[in-house]
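Q: sequence-free structure coming up:
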Ligand code: G1P
């Protein structure tokens, strides 16, 4: 039987330069999608998938992220006194159990593989999840839950996968797959950010992983890869070479690339349209905008 996945690593050490000047003082993960910070979406998805230990790999300038997860008792009390029960519920839904979150600093920006490796002592010898909060995924069932269920059947490593246009492969880890049919696809190899002409397929890795501890041992070698960084993709590819199965999991759901401005905006509109309290007004506005094409001046 496979061991239960209860720990997740959230690499959040990046500087978020694509969102300057906002990220000068606000960590990207705290930027809001409608009215919730980006990181809350990842946390909710992890909780729904049965994760109970949350490990954040942070860096300098991320203290707002740590504050966000503190219980705000003054605010809770004030909402209680005013009878604002809906808001109180919203607020309390973000409360985390004491001791459930750990923060580890990545002292140098050496890449995603290095960030994950920084959490190795907290993971120990267990399977674990990695979630990149920039990738926001909405769907009928939380993406990580789909993946953990598949992992419990197959074992091995499981990475979220999605087909992308060929010219976009250089933005992703890409899977080398045989027959790309079915939901769970066995990978023969994995390459980080290949040029389109060198990409083994157009099946890209999206920021959800269920990994075996062997990936952490592979990261111990600290080998530099694409972009001169220590890549998680390379450590997973090494597992394939060592005979550990790796599967691409073609999840059900819609993925938003909130690491880019266009993706963040699309997610904002899509999540706002999913909200009853905002839907009508926004739809009306979008319609008007589509007709007149008027931009802000
Ligand atoms: C990271 C990973 C890449 C993966 C991507 C998914 O890249 O290195 O393999 O495909 O996330 O979003 P990044 O977007 O951090 O450059």
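A: Yep, it's here. It should be emphasised that the depicted structure is a prediction, and the values quoted were computed from it without experimental measurement. Numbering: from 1, shown residues only.
Q: Would you map the helices across this protein?
A: Ranges of helices within the chain are 38-48, 63-68, 73-81, 85-92, 112-118, 120-123, 143-154, 214-219, 232-241, 261-273, 276-292, based on DSSP state H.
Q: just these: most buried one?
A: Mean neighbour count, computed with mean count of other C-beta atoms under 10 Å, is highest for helix 112-118 among those, reaching a mean of 24. (Each C-beta comes from the backbone N, C-alpha and C, glycine too.)
Q: is stretch 127-144 up against the ligand anywhere?
A: Yes: against the ligand, stretch 127-144 shows contacts by C-beta under 6 Å from any ligand atom at 132, 135.
Q: Residue 65: what's it in contact with?
A: The contact partners of residue 65, taken as C-beta atoms under 8 Å, 6 or more residues apart in numbering, are 12, 27, 29, 30, 39, 56, 58.
Q: The same query, at a cut-off of 10 Å, please.
A: Residues near residue 65 by C-beta atoms under 10 Å, 6 or more residues apart in numbering: 10, 12, 26, 27, 28, 29, 30, 37, 39, 56, 58, 103.
Q: Just to check, the last one is in contact with residue 58?
A: Yes: with contacts defined as C-beta atoms under 10 Å, residue 103 counts as touching residue 58 at a distance of 5.4 Å.
Q: Wait, residue 130 touches residue 210, no?
A: Yes: taking contacts as C-beta under 10 Å, residue 130 lies within contact range of residue 210: 8.2 Å.
Q: Pull up the overlap in contacts between these two.
A: With C-beta under 10 Å, 6+ apart as the test, residue 130 and residue 210 both reach 8, 144, 159.
Q: Could you report the neighbour count for the closest residue to the ligand within the stretch 151-297 of the chain?
A: At 2.6 Å from the ligand, residue 173 is the closest residue in the stretch 151-297 of the chain, using C-beta to the nearest ligand atom. Neighbour count for residue 173, taken as other C-beta atoms under 10 Å: 27.
Q: cool, and residue 128?
A: Residue 128: 25 neighbours (other C-beta under 10 Å).
Q: From the ligand, how far off is the residue nearest to it when sequence neighbours are not counted?
A: Nearest residue to residue 128, sequence neighbours excluded (C-beta to C-beta, 6 or more residues apart in numbering): residue 7, at 4.6 Å. Applying C-beta to the nearest ligand atom, to the nearest Å, the value for residue 7 to the ligand is 20 Å.
Q: cool, and residue 38?
A: Residue 38 is 13 Å from the ligand, by C-beta to the nearest ligand atom.
Q: wait, doesn't that residue sit right on residue 264?
A: Yes: counting by C-beta under 10 Å, residue 38 does reach residue 264; the two are 8.3 Å apart.
Q: Tell me the one of the shared contacts of residue 130 and residue 210 nearest residue 232?
A: Using C-beta to C-beta, residue 159 comes nearest to residue 232 of these, at 9.3 Å.
Q: tell me the pLDDT at the closest one?
A: Note on residue 159: pLDDT of 98.
Q: what does the one 10 residues further on give?
A: pLDDT for residue 169: 96.
Q: Could you find the closest non-adjacent residue to residue 226?
A: Nearest to residue 226 is residue 192, by C-beta to C-beta, 6+ apart, at 4.1 Å.
Q: check contacts around the one you found.
A: 111-113, 170, 172-174, 205, 225-227, 229, 231-234, 236-237.
Q: Kindly report the same for residue 246.
A: Residues in contact with residue 246 (C-beta under 10 Å, 6+ apart) are 156-159, 175, 185-190, 209, 211-212, 215, 236-240.
Q: Quick check, pLDDT for residue 180.
A: The model's pLDDT for residue 180 equals 69.
Q: do residue 69 as well
A: At residue 69, pLDDT is 90.
Q: Alright, calling it a day.
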